[in-house]
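Colleague: let's see this in three dimensions:
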Amino acid sequence: MPPKTVERYERLGSDKFDRMSEEDCEAQYRAMQRARKLALRPGASLKTGFQCTLRVVTPPPNPDPQARPLPALPATSDAVVFELVDALRAGVDQRSQVWTAKIVSVPETLLVLKIIQPSLCPIPHPDNDNDWLYYDHPDDLAPWEAWGYGKLRSLQGRSIPYFFGSGTITTPSKEKADVLILEHIPGPTLYEVALVGPDLDRQESITAGVQTTEDIFEAGVTRDSLQPSKFILTGPPGARSVVALSFYMTYIMRPDSSEKKEMFVNQAATFIRSFRTVVADEEEDEEVVEDFYKWVRENVREDLRKEFSVTK
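Modeller: Numbering: from 1, shown residues only. The predicted structure is shown next:
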């Protein structure tokens, strides 16, 4: 649940069924299992070359000198044909299937389609009552995330991707799926950086990631997605920036919140700890891990330093 100091997008899924109703949960589970069986048949999955048509909404370019330029887009945006290129994330029990996609009429432009195919989203078993209380209804995912991008319009093209609108497609299994259209950000996720380094990239990821987290927070937004996989390190060495992804579970801070400062420190510290955990779990050289811990303790911002004392 969001803290009392924030407001949030109102769920659509709660209008579709009652999470407290065994009958509704059973019906939802059965419907999703039937659709998943169809979606997983040979030839029924999303694949390279699949085409779909969506309306593209062009956002204003970010005037910040450090912002990325808008990609080339077709003159007519009401019916833009996309062709899937590479899967960035795919498979069952995923909130979204994420693909790069080219615009057929402007093939040099690569965007990202975040496709919410309901049958492939996580679904609790009817017997798991507690899981249903926190069930993310597929109908909520795209509208809530689009709402989050709208609230952060001033950061698009800099700290977050440009957002080109949303729509609905029909998948090869004849299932309706909501789609978010996003800027393609080249570069590794921070999970990949934490996993393999090098140390300079890890350090730049922490510094730039905290800055991005602060940018989002200063825009009046807090979010739950702080795992390293939800950020991308982009730009040349020495001029790196971190771009935040995934704005489902986004909340709007109330301007008069007395807890704002504490909430930012908690968010930034959670981001750093998540990154640090990947380094510790995957790095075989204990000396490298300890050197990284020491760097964090000595180089994070002053208002975060107490969160990373030796005893933490």
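Colleague: what packs against the longest helix belonging to the chain?
Modeller: With secondary structure taken from DSSP state H, the chain has its longest helix at helix 260-282. When contacts are defined as 3 or more Cβ pairs under 8 Å, 6 or more residues apart in numbering; DSSP states H and E, helix 260-282 sits against helix 190-196, helix 199-218, helix 286-299, helix 302-305. Quick note: C-beta positions are derived from backbone N, CA and C, even for glycine.
Colleague: partners of the helix or strand following the second one in the sheet?
Modeller: In this case it means helix 199-218. Going down the chain from helix 199-218, the next helix or strand is strand 221-223, by DSSP states H and E. When pairing is defined by DSSP bridges, strand 221-223 lines up against strand 250-253 (antiparallel).
Colleague: chain center to the strand it pairs with, what's the gap?
Modeller: Relative to the centre of its chain, strand 250-253 is centred 15 Å away, using Cα atoms, centre = their mean, to the nearest Å.
Colleague: where does the most centrally placed residue in the chain land in three-state SS?
Modeller: Centroid-nearest residue in the chain, with Cα atoms, centre = their mean: S246, separated by 1.5 Å. At S246, secondary structure determined by DSSP: H, G, I helix; E, B strand; the rest coil is coil.
Colleague: look up how far P138 lies from it.
Modeller: According to Cβ to Cβ, to the nearest Å, S246 stands 16 Å off from P138.
Colleague: related to what we said a few turns ago, make CSV from the helices and strands packed on helix 260-282 and add mean neighbour count to it.
Modeller: Formatted as CSV, the helices and strands packed on helix 260-282 follow (neighbours: other Cβ atoms under 10 Å):
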stretch, mean neighbour count
helix 190-196, 21
helix 199-218, 19
helix 286-299, 14
helix 302-305, 12
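Colleague: export those to TSV and tack on mean pLDDT and distance to P107?
Modeller: TSV is the format used below for those (pLDDT from 0 to 100; distance: least, Cβ to Cβ, whole Å):
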stretch	mean pLDDT	distance to P107
helix 190-196	93	27
helix 199-218	92	31
helix 286-299	84	42
helix 302-305	82	44
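Colleague: same list (these) but as TSV, adding distance to Q267.
Modeller: Below are these laid out as TSV (distance: least, Cβ to Cβ, whole Å):
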stretch	distance to Q267
helix 190-196	15
helix 199-218	6
helix 286-299	16
helix 302-305	10
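Colleague: buried ones in stretch 42-53?
Modeller: Residues of stretch 42-53 classed as buried: 45-46, 50, 52 (neighbour count, 16 or more other Cβ atoms under 10 Å).
Colleague: among the residues you listed, which one lies nearest to L180?
Modeller: Taking Cβ to Cβ as the measure, L180 sits nearest to C52 out of those, at 12.9 Å.
Colleague: mind checking pLDDT for V106?
Modeller: Per-residue pLDDT puts V106 at 95.
Colleague: tell me the contacts of it?
Modeller: 72-74 (Cβ atoms under 8 Å, 6 or more residues apart in numbering).
Colleague: H125: which of those is nearest?
Modeller: Nearest to H125 among those is L73, at 43.7 Å by Cβ to Cβ.
Colleague: any low-confidence regions in this protein?
Modeller: For the chain, applying pLDDT under 70 flags the ranges 1-16, 254-258, 309-312.
Colleague: quick one: the strands in this protein?
Modeller: Under the criterion DSSP state E, strands of the chain are mapped to 6-8, 51-54, 80-89, 97-103, 106-116, 163-170, 176-183, 221-223, 231-234, 241-244, 250-253.
Colleague: which one, of those, ends up nearest to S154?
Modeller: The closest of the strands of the chain to S154 is strand 221-223. By Cβ to Cβ, the value is 10.6 Å.
Colleague: from the chain's centre, how far out does the closest one sit?
Modeller: From the chain centre to the centre of strand 221-223 is a distance of 12 Å (Cα atoms, centre = their mean).
Colleague: again, but for stretch 157-170
Modeller: Its chain's C-alpha centre lies 11 Å from the corresponding centre of stretch 157-170 when counted by Cα atoms, centre = their mean.
Colleague: start to end distance for it?
Modeller: Terminal residues of stretch 157-170 lie 29 Å apart, using Cα to Cα, to the nearest Å.
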